[in-house]
Structure formats: structure tokens, C-alpha cells
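Enquirer: requesting a structural model of the entry that follows:
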Amino acid sequence: MGRIRVLVVDDHRIFAEALAAALAAEPDVEVGAAGSAAAAERALERAAVEGRAFDVVLIDADLGAGAEAVPTVPRRPVRPGEGLSDAARRRLPSPVPAPRRPPGIPVPPVGHPAGPSADAYRTAPAPDGITLLARARRNHPAVRAIVLAAADDPHRAARALHAGATGWVAKESSLARLLAVVRGVLRDETHLPPALLTGVIRELTTARRDRTESERLVDTLTPREKQILRCMVAGLGRQAVAERLYLSPHTVRTHMQNVLGKLGVHSTLAAVAVARRAGVSPSEPAVPAVPPSVATTTAPGAG
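Expert: Okay, the predicted model is just below:
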């Protein structure tokens with residue numbers, strides 16, 4: 001085995017730098033470090049373009065969890081003279097008073113054309129280590145992914161395995177243990193702590209049971225109802241389904257009600273969730289075709 005290129009992804013800088021330095025002390029290991037999901041994706045992409053792709057990525061399970069979401073609403077403006085001494089503040093020119101809203105006129109609500117937009121009060125979502133892991137495996141299939149976790153969690157470990165992880169290592173583990181896992185995953189081994197095995201197997205079994213039950217429910221649908229369900233998974237409304245399948249909206253409505261009844265749910269969203277668990281793919285866009293109701297004629301002399 002040649003040199004092993006490892007990328008450490010952790011937003012706790014001291015931990016990331018210490019781990020990178022410890023790994024780099026190994027004669028056959030090259031190490032890079034990234035402090036965020038965006039930085040990690042840039043590093044993986046750049047390394048691949050340069051022909052020096054990383055072999056293993058170590059991802060903090062709690063990536064971004066310690067960082068608060070950044071509000072997009074503007075900060076409170078600084079008042080004139082704020083932070084100055086009394087003497088310095090007295091030398092400032094008198095501020096022009098802001099126009100006051102006449103009494104009785106309410107402040108426009110969020111979303112009103114004259115008021116603040118709803119987007120101004122949203123916060124940027126924090127990144128997630130397992131989400132990054134799934135994207136890294138999808139965009140760079142050859143890279144092996146190992147999760148670094150502060151605590152053992154069977155549910156999250158099962159999620160990580162499903163996302164493509166091949167190792168789960170506690171942060172309190174020894175460097176020797178981590179190196180053994182790094183070298184093991186490069187031999188196509190999967191490494192989990194023994195204490196996690198029972199819980200992970202239970203989680204995977206439950207997920208499999210849910211999928212099997214969803215598959216059983218979907219199998220009760222007629223071929224036409226399965227077509228309708230695939231259109232629902234694709235996000236099509238009743239009219240769009242009618243146009244795609246050359247049916248009347250009333251017929252589509254009847255089929256949709258039958259689908260909900262057979263799946264044992266009460267909404268399109270719930271039906272789509274069952275379909276997804278069963279592995280139902282969305283309907284592909286229809287290829288332009290002549291509707292079945294339109295009769296075709298044969299040209300004179302055609303054989």
C-alpha cells in the first residue's frame with residue numbers, strides 16, 4: 001500500500017489540527033484539514049482535479065452542531081456616539097431625528113410589501129456531518145468515509161452506514177485504533193465499536209421491516225394506481241397527472257383516493273413517504289405521444 005491521503009473535517013480547530021499533526025507523523029500518511037462542510041467539499045474537488053484524490057475522509061459526526069445559525073436579518077444600527085466618552089459625545093453634531101410613524105398605523109407584518117420579508121428572519125441552517133458524508137461519497141465514490149463521534153449513537157451510526165460510511169470511531173479512541181480503522185477501510189473492511197453492533201443491527205432491522213411493510217402495501221396497488229403513485233412521488237398535482245396519463249381529472253382523483261386508502265394514509269405527503277420507503281421512483285417526464293383516444297389513419301397505399 002502506498003501513501004495514504006487523509007482529510008480531517010472538524011470545526012473544532014484545535015482538535016482538527018492536533019489530529020492532523022498526529023496522523024502526519026506516520027511515514028505513510030499525508031493529511032489535510034477542513035473546518036467546515038464547504039471547505040471539505042472544495043478540498044475534495046481540488047484534490048481530485050489535481051490527480052491527488054484523498055483516500056479517506058474523517059468527518060466529525062457533530063459538524064456544525066456547536067456553531068449557532070447565523071441570522072440573515074441586519075444587526076441593530078450603531079447609535080451615534082455609542083462607545084465614546086461623554087465629552088466626546090457632546091462634540092458630535094446633533095442627529096437628525098428619524099421620521100416617526102403616525103399613531104394608529106401599525107407596523108406592516110412580515111411578508112407585506114411594505115414590511116420586512118420572511119426571508120430576513122430566517123437563519124442559515126447548520127451543516128451536518130452525515131449529510132456531508134453522503135455528498136462526499138456520491139461525488140467521490142472511491143473515497144472511504146469514517147465518522148468521528150463524541151458519543152456512540154446506534155441511530156446515527158446506522159444513518160452513517162446507510163450514507164456510505166465504512167467506519168465509526170469514538171473521539172476518545174487512541175491514535176493506534178484510528179490508524180487501524182483507516183487502514184482497515186482501505187482493505188474494504190467495515191469497522192464499528194463492539195458496543196454499537198447490537199444497536200446498529202436493531203436499527204437496520206427496523207428500517208428493513210418498515211421498508212418491507214411499505215413494499216407490501218405498494219404491491220396491493222393496481223398497475224394504474226402504481227403509475228399514479230409514481231406521479232405523486234414526482235410532485236405532480238391532479239391536473240398534471242391527468243395530462244401525463246391522458247386521463248380525466250375526475251378519474252385521477254378517484255385513483256388517488258384509492259391509493260391513499262390502500263396505503264392506509266390520509267394525505268399525498270404520507271403516501272409519498274410510504275412510496276419512498278418502498279423504493280418507488282418518481283415518474284419520468286412523458287415522451288410526447290398521441291393520446292390513446294386519438295385514432296390514427298393509414299395513408300392510402302401504405303402497407
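Enquirer: confidence score at Pro103?
Expert: You'll see Pro103 listed with a pLDDT of 51.
Enquirer: equivalent analysis for the one 5 residues further on, please.
Expert: In the predicted model, Pro108 carries a pLDDT score of 46.
Enquirer: surely Leu236 touches Ser283?
Expert: Yes. Here Leu236 reaches Ser283: they are 7.2 Å apart, a contact under Cβ atoms under 8 Å. Placement of C-beta: from N, CA and C, glycine included.
Enquirer: anything in contact with each of the two?
Expert: Arg244 (Cβ atoms under 8 Å, 6 or more residues apart in numbering).
Enquirer: any low-confidence regions in this structure?
Expert: 1, 65-127, 207-210, 285-303 (pLDDT under 70).
Enquirer: and the helices in it?
Expert: Assigned by DSSP state H, the helices in the chain fall at 13-24, 37-49, 86-90, 129-139, 154-163, 175-185, 194-219, 223-233, 238-245, 249-263, 268-277.
Enquirer: just send those helices back as JSON lines, with mean neighbour count too.
Expert: Formatted as JSON lines, the helices of the chain follow (neighbours: other Cβ atoms under 10 Å):
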{"stretch": "helix 13-24", "mean neighbour count": "15"}
{"stretch": "helix 37-49", "mean neighbour count": "16"}
{"stretch": "helix 86-90", "mean neighbour count": "9"}
{"stretch": "helix 129-139", "mean neighbour count": "19"}
{"stretch": "helix 154-163", "mean neighbour count": "20"}
{"stretch": "helix 175-185", "mean neighbour count": "17"}
{"stretch": "helix 194-219", "mean neighbour count": "14"}
{"stretch": "helix 223-233", "mean neighbour count": "19"}
{"stretch": "helix 238-245", "mean neighbour count": "17"}
{"stretch": "helix 249-263", "mean neighbour count": "17"}
{"stretch": "helix 268-277", "mean neighbour count": "17"}
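Enquirer: for the ones you listed, which one sits closest to Glu30?
Expert: helix 13-24 (7.2 Å; Cβ to Cβ).
Enquirer: report the distance from the closest one to the chain centre.
Expert: Put simply, helix 13-24 sits 27 Å off its chain's centre (Cα atoms, centre = their mean, to the nearest Å).
Enquirer: packing partners for that helix?
Expert: Judged by 3 or more Cβ pairs under 8 Å, 6 or more residues apart in numbering; DSSP states H and E, the packing partners of helix 13-24 are strand 4-9, strand 29-34, helix 175-185.
Enquirer: got CSV for the ones you listed, with distance to Ala150 too?
Expert: Shown next, in CSV, are the helices and strands packed on helix 13-24 (distance: least, Cβ to Cβ, whole Å):
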stretch, distance to Ala150
strand 4-9, 15
strand 29-34, 18
helix 175-185, 14
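Enquirer: quick check: which of those is nearest to Gly51?
Expert: Proximity to Gly51, assessed across the helices and strands packed on helix 13-24 by Cβ to Cβ, is greatest for strand 4-9 (11.3 Å).
Enquirer: related to what we said a few turns ago, and of the helices of the chain, who's closest to Asp55?
Expert: Of these, nearest to Asp55 by Cβ to Cβ is helix 175-185, at 8.5 Å.
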